[in-house]
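Novice: Give the three-dimensional model of this entry:
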Amino acid sequence: MTVQTRSVRSALEVIEAELPAGTVLHLWLKARAAGGEAKLFVTTDRGDVAEPTTRRAEEFELFPVVLERGGRTALAYDASTAALSVTYAFHPDTVLAEGICVLHHDTRTAPPEVPAGYHFRPPFGWMNDPNGFGRFAGLGHLFYQHYPHGMRWNTMHWGHAVSKDLIHWTHLPIFLFPAEHLSEKNDGRGGAFSGSTIPVSGLEGDEIRVFYTEHVRDRQPEEQIQLSACSRDGIVVGPSEVVLPLRPAGLNLTTDFRDPYVFKGPDGLWKMVLGSRDRSGGVVLLYETADPSGASGWVFLGIVHREDRFGMTAAECPCMVPVGGKADDPETPWALIFGLLTSRDPATGRRNLTSVTVGRFDGRAFTAEFEQELDFGSDAYAFQAFVDGDEPVGIAWLANWTDFSKKDDFTTAMTLPRRVLLDGDAVLTPPVAASKSLRHMLLDEAALAAGGTVALGSGAVEIVLTLPEPGAPFALAFDHPDVELGVKLHGNGLEIVFDAGTDKAPPLYLASGARPSELRIFLDAGSIEVFADNGRWTGTKRIPGFSAVRSVRLTGAVTSAEIWQLKL
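Specialist: Predicted structure coming up:
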């Protein structure tokens, strides 16, 4: 569809598009001044359709509008009295395949202009944790923490997108909305926080059941409670009901009680892990229910894991998946993954680490066998995985709360989706196989290995290195206009070199003791991801801004080096 925006007279703005009958519009409107009134006129070439009106001046109000008849549609409003944040259109019958059409977004919410970028980004507004990552009716679904009206963290919604291969995504309508009383002001008092999804059988076929934390600042007796809702079509969600109204008693837990992750345990029952903390550090709580729909009957089983390293506070965004076998096989190990909120590694200065602990899980107790860090770059936070066919895959927020400021816009992306594999006493997280579909053109297979400087075109590239022996030293130096950036392998391990040139010394991004033989290095506007030896060592680093890496130079001997131009 073609969308046009034009100004009529002094302040009247008109957005026009050709839309079919049955189209649904989502419009967010507010008054420019307290006590004022905002109006938006929706018309087609067949007559008036709707006249959304609001006196809200602090936060935008949502108005859904259905076009009973199609045709040339116009949205008109007086920009001196009304502010329009976001408007998109979709048809319920085709939206899963075609997605939404964004008709308008405020300049403050515009996504970055990175035409060659291949990482997932929202079509507008703020994004953080991935939520409800899963596959339903053949489509991968990604939900995410979202605020549509700015590039700064605020009242939480759930954004939504679908994909067949977890690489190429189609944006869908916003899925979960905050409670009405939280939407009246833009003060970040709470909203629909992180959670998960499961497939269940309903009266009309398969449904998606959603679990999430509702957070309301200073609410008594609980700031954070757990809610659940169902979606029959994967687009619209029904009413939410409280499933866990209170924290477990007698454990001296703080008010942290969030991020429900629901999964099928080895005994065939639904399990739920949640992140919390007590006076000693972070804890992961375990619940179960015998209800096959997961809608009720949740019983607290106990603290399944405790972590107090690196000065962390709460355990955040826990998830639990079988690795190296089927969930119902008692010999299959399980991986428990969670974020260590506010943690700081004194050896490297890195903050907000993510831990993965592997052990035995019988459905009621978890016995740890070994643990490791999930990502030595530490910018793969809130990692969430699900079993996709025969093995788990996961995705993370490509950012770190350390870099976040409530005073500055903060545009981010998701990491490349990653497999979760077990190899002896190590968890591997290589990119999914579909990542090779991004290879658009082979830029070089000789000059880099020979020590030459190679231009990187759009800067969206994958560099594939094969070393003559494990741990053979090398250094890649990237020409980036804003930061010092590189990848080195030396006697201490594998390192992402990053320095933004501020007065503060940067952390050390080092996989200590790593001695890989092969590496895949992905560069994109705003990020670098390093996968060594099939993800045995994985490092992710967010790069401020969206400037492209211009060229690369290699020192050290390699067996082979390829550079691929990447493109969605």
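
Novice: in the sheet, who's paired with the most centrally placed residue in the chain?
Specialist: By Cα atoms, centre = their mean, the chain has its centre lying nearest to P130, at 3.2 Å. In this entry, P130 is beta-bridged to Y144, by DSSP bridges.

Novice: my read: it touches A396, true?
Specialist: Yes - contact between P130 and A396 holds when scored by Cβ atoms under 8 Å: they sit 6.7 Å apart. No exception for glycine: its C-beta is placed from N, CA and C like everyone else's.

Novice: between the two, what contacts are shared?
Specialist: Shared between the contact lists of P130 and A396 (criterion: Cβ atoms under 8 Å, 6 or more residues apart in numbering) are residues 382-384, 414.

Novice: Tell me where the model's unsure across this structure.
Specialist: By pLDDT under 70, the weakly predicted segments of the chain are 1-10, 202-205.

Novice: Could you list the domains of it?
Specialist: As recorded under automatic domain parsing, the domains making up the chain are 3-90, 106-111+125-428, 435-566.

Novice: hey, where'd the strands end up in the stretch 201-350 of the chain?
Specialist: 205-216, 224-231, 241-244, 257-264, 270-277, 282-289, 299-307, 315-322, 334-340 (DSSP state E, counting those that start in this stretch).

Novice: what angle separates whichever helix or strand comes after the last one from strand 334-340?
Specialist: When you say that, I think you mean strand 334-340. Note on strand 334-340: by DSSP states H and E, the next helix or strand toward the C-terminus is strand 354-361. Interaxial angle of strand 354-361 relative to strand 334-340 (axes from the mean of the first three to the mean of the last three Cα atoms, to 10 degrees): 150 degrees.

Novice: Partner strands of strand 354-361 and their direction?
Specialist: In the sheet, strand 354-361 lines up against strand 334-340 (antiparallel), strand 366-373 (antiparallel) (DSSP bridges).

Novice: ranges for the strands of the stretch 1-150 of the chain?
Specialist: 3-8, 12-19, 24-31, 38-44, 47-50, 53-54, 61-66, 71-78, 82-90, 101-105, 126-136, 139-147.

Novice: Show me what the last one is packed up against.
Specialist: The one in question is strand 139-147. Contacts defined by 3 or more Cβ pairs under 8 Å, 6 or more residues apart in numbering; DSSP states H and E place strand 139-147 against strand 126-136, strand 157-163, strand 190-202.

Novice: switch to 10 Å and redo it
Specialist: With contacts defined as 3 or more Cβ pairs under 10 Å, 6 or more residues apart in numbering; DSSP states H and E, the secondary structure elements packing on strand 139-147 are helix 95-98, strand 126-136, strand 157-163, strand 190-202, strand 205-216, strand 381-388, strand 391-398.

Novice: Give the buried residues for the second one.
Specialist: Meaning strand 126-136. By 16 or more other Cβ atoms under 10 Å, the buried positions in strand 126-136 come out as 126-136.

Novice: what angle do that strand and strand 224-231 make?
Specialist: For strand 126-136 and strand 224-231, the angle between their directions (the same axes, to 10 degrees) works out to 50 degrees.

Novice: ditto for the longest one
Specialist: Direction vectors for strand 190-202 and strand 224-231, defined by the same axes, to 10 degrees, enclose an angle of 40 degrees.

Novice: Can I get strand 190-202 as CSV, trimmed to CA atoms?
Specialist: These are the backbone C-alpha positions of strand 190-202, laid out as CSV (Å, rounded to 0.1, in the frame of the first residue of the first chain):
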residue,chain,number,x,y,z
GLY,A,190,4.9,-0.5,35.5
GLY,A,191,3.3,-2.5,32.8
ALA,A,192,3.4,-5.9,31.2
PHE,A,193,6.9,-7.1,32.1
SER,A,194,8.9,-10.1,30.8
GLY,A,195,7.5,-13.7,30.5
SER,A,196,7.0,-16.6,28.2
THR,A,197,4.5,-18.6,26.1
ILE,A,198,3.4,-22.2,25.7
PRO,A,199,1.2,-24.1,23.2
VAL,A,200,-2.1,-25.4,24.6
SER,A,201,-5.2,-27.0,23.2
GLY,A,202,-8.3,-24.9,23.4
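
Novice: Could you verify my assumption that M320 touches L286?
Specialist: Yes - proximity of M320 to L286 meets the contact threshold set by Cβ atoms under 10 Å, at 8.9 Å.

Novice: what about the two, which has more around it?
Specialist: A count of neighbours by other Cβ atoms under 10 Å puts M320 above the other of M320 and L286, at 26 against 23.

Novice: ok, how many other residues are close to R364?
Specialist: Close neighbours of R364, defined as other Cβ under 10 Å, add up to 15.

Novice: now swap in the one 10 residues further on and tell me
Specialist: Taking other Cβ under 10 Å as the neighbour definition, L374 ends up with a count of 25.

Novice: Cross-check the contact I'm expecting between it and A335.
Specialist: Yes - under the criterion of Cβ under 10 Å, L374 lies in contact with A335, with a separation of 9.4 Å.

Novice: shared neighbours of those two, which are they?
Specialist: Where contact means Cβ atoms under 10 Å, 6 or more residues apart in numbering, the residues bridging L374 and A335 through contact with each are 356, 394, 420, 427.

Novice: of the shared contacts of P130 and A396, closest to I563?
Specialist: Distance to I563 across the shared contacts of P130 and A396 (Cβ to Cβ) is lowest for M414, with 23.7 Å.

Novice: Quick one: residues contacting the closest residue to P507 other than its chain neighbours.
Specialist: Taking Cβ to Cβ, 6 or more residues apart in numbering, and ignoring the residues beside it in sequence, P507 has G349 as its nearest neighbour in space, at 3.8 Å. With contacts taken as Cβ under 10 Å, 6+ apart, G349 has the following neighbours: 402, 504-509.

Novice: who wins for most neighbours among the residues you listed?
Specialist: By neighbour count, taken as other Cβ under 10 Å, the most surrounded of those turns out to be Y509 (24 neighbours).

Novice: how long is stretch 547-557 from one end to the other?
Specialist: Taking Cα to Cα, to the nearest Å, the first and last residues of stretch 547-557 lie 29 Å apart.

Novice: Give me the buried positions along that stretch.
Specialist: Residues 548-549, 551-554, 556 are the ones in stretch 547-557 that count as buried (16+ other Cβ under 10 Å).

Novice: Just list the residues touching A380, thanks.
Specialist: Counting by Cβ under 10 Å, 6+ apart, A380 touches 339, 354, 374, 394-400, 414-416, 418, 429, 529, 538-542.

Novice: ok, back up a step: closest one to D409 among the strands of the stretch 1-150 of the chain?
Specialist: Put simply, out of the strands of the stretch 1-150 of the chain the one that sits nearest D409 is strand 126-136, at 8.6 Å, with distance taken as Cβ to Cβ.
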